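A.B. asks: The following comprises the amino acid sequence and a computationally predicted model.
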Amino acid sequence: MKIYWITKIGPKGQVVIPQEARQDFNLKPWDKVIIFSPSQDWLVVLPVEEVKKHLKLFENIFNSLEEGSDEK
């Protein structure tokens, strides 16, 4: 785990993503992110494009598993 920075929420509810994190994750202005909470104790920010890639990968895996089960 890498901690990039501790920041505050501004008066308009905005949070700045530190430059090092934006560079590491190749985030550009106007890129979309998903913010969700897997539990009451966590808040997670994920780049939408990365989520799409992983969802497509899992979709392909599940499709290949389903196709393989038809042969039995």
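C.D. replies: Noted; the coordinates are in hand. All values reported here derive from a predicted model rather than from experimental measurement.

A.B. asks: contacting residues for P47?
C.D. replies: By Cβ atoms under 8 Å, 6 or more residues apart in numbering, P47 lies in contact with 25-27, 31-34. Where C-beta positions appear, they are placed from N, C-alpha and C, glycine not excepted.

A.B. asks: farthest-separated two in the residues you listed?
C.D. replies: N26 and I34 (15.8 Å; Cβ to Cβ).

A.B. asks: Could you say which helix or strand holds the residue most central in space within the chain?
C.D. replies: In the chain, the centroid-proximal residue (Cα atoms, centre = their mean) is L46; its distance is 2.0 Å. With elements taken from DSSP states H and E, the one containing L46 is strand 44-47.

A.B. asks: What strands flank that strand, and is each parallel or antiparallel?
C.D. replies: strand 33-36 (antiparallel) (DSSP bridges).

A.B. asks: which outside residues touch the strand it pairs with?
C.D. replies: By Cβ under 8 Å, 6+ apart, strand 33-36 touches 27, 43-48, 51.

A.B. asks: Mind listing what's buried along it?
C.D. replies: For strand 33-36, a neighbour-count test (16 or more other Cβ atoms under 10 Å) marks nothing as buried.

A.B. asks: Report the separation between L46 and Q40.
C.D. replies: Separation of L46 from Q40 (Cβ to Cβ, to the nearest Å): 18 Å.

A.B. asks: for W30, same thing?
C.D. replies: 30 Å.

A.B. asks: Equivalent analysis for G10, please.
C.D. replies: 23 Å.

A.B. asks: Compare these two and say which is more crowded by neighbours.
C.D. replies: G10 (9 against 6; other Cβ atoms under 10 Å).
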